[in-house]
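Trainee: got a predicted structure plus its sequence, pasted below:
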Amino acid sequence: MKCPSCKSKIDEKQAREKADSEKRVRCPECQVWLKEDPKASQLLNIGFFTWLAGTAGKGMIDGTPDVMMLLNIPVLVGLVMMAIWFVRGKWITA
Ligand SMILES: [Zn+2]
């Protein structure tokens, strides 16, 4: 995980061991408290289900090339959302 405050890399397991609760961890570099961003997990969930719907649709529907092209949209949108989640990270300052 990456600290959103000082951008240093933190060992998530190590940080969790020092935490006072399951919800918060402390950055060993800048001592700031961090928590998981609820919006980030929402983004991941929506992205995953969008991707899943597109992928399942492509597997089940035997449509024309136009329909198949259309089904690439949710697949791509879902992948982009998951990529944003991955790049941005899920931790915010508490
Ligand atoms: Zn930090």
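Mentor: Okay, I see it. On a predicted model such as this, the values are computed, not experimentally measured, just so you know. Residues are numbered from 1 along each chain as shown.

Trainee: how many neighbours does W91 have?
Mentor: 21 (other C-beta atoms under 10 Å). Where you see a C-beta, it was placed from the backbone N, CA and C, and this is true even at glycine.

Trainee: cool, and T64?
Mentor: Neighbours around T64, by other C-beta under 10 Å: 9.

Trainee: how close does it sit to L70?
Mentor: 10 Å (C-beta to C-beta, to the nearest Å).

Trainee: shaky segments in this structure?
Mentor: Along the chain, segments meeting pLDDT under 70 span 20.

Trainee: domains for it, by residue range?
Mentor: For the chain, automatic domain parsing gives the domain ranges 1-36, 38-88.

Trainee: got JSON lines for these, with distance to A94 too?
Mentor: Output for these, formatted as JSON lines (distance: least, C-beta to C-beta, whole Å):
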{"stretch": "domain 1-36", "distance to A94": "4"}
{"stretch": "domain 38-88", "distance to A94": "12"}
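
Trainee: Three-state assignment for the residue most central in space within the chain, please.
Mentor: Centroid-nearest residue in the chain, with C-alpha atoms, centre = their mean: W85, separated by 3.2 Å. Of the three states, W85 takes helix under DSSP: H, G, I helix; E, B strand; the rest coil.

Trainee: ok, now which ones touch it?
Mentor: A40, L43, L44, G47 (C-beta atoms under 8 Å, 6 or more residues apart in numbering).

Trainee: kindly report the same for A40.
Mentor: Counted by C-beta under 8 Å, 6+ apart, A40 has contacts W85, R88, G89, K90, I92.

Trainee: now the helix or strand harbouring L76: buried residues?
Mentor: Using DSSP states H and E, L76 maps to helix 65-88. By neighbour count on 16 or more other C-beta atoms under 10 Å, the buried set for helix 65-88 is L71, P74, V75, V77, G78, L79, M81, M82, W85.
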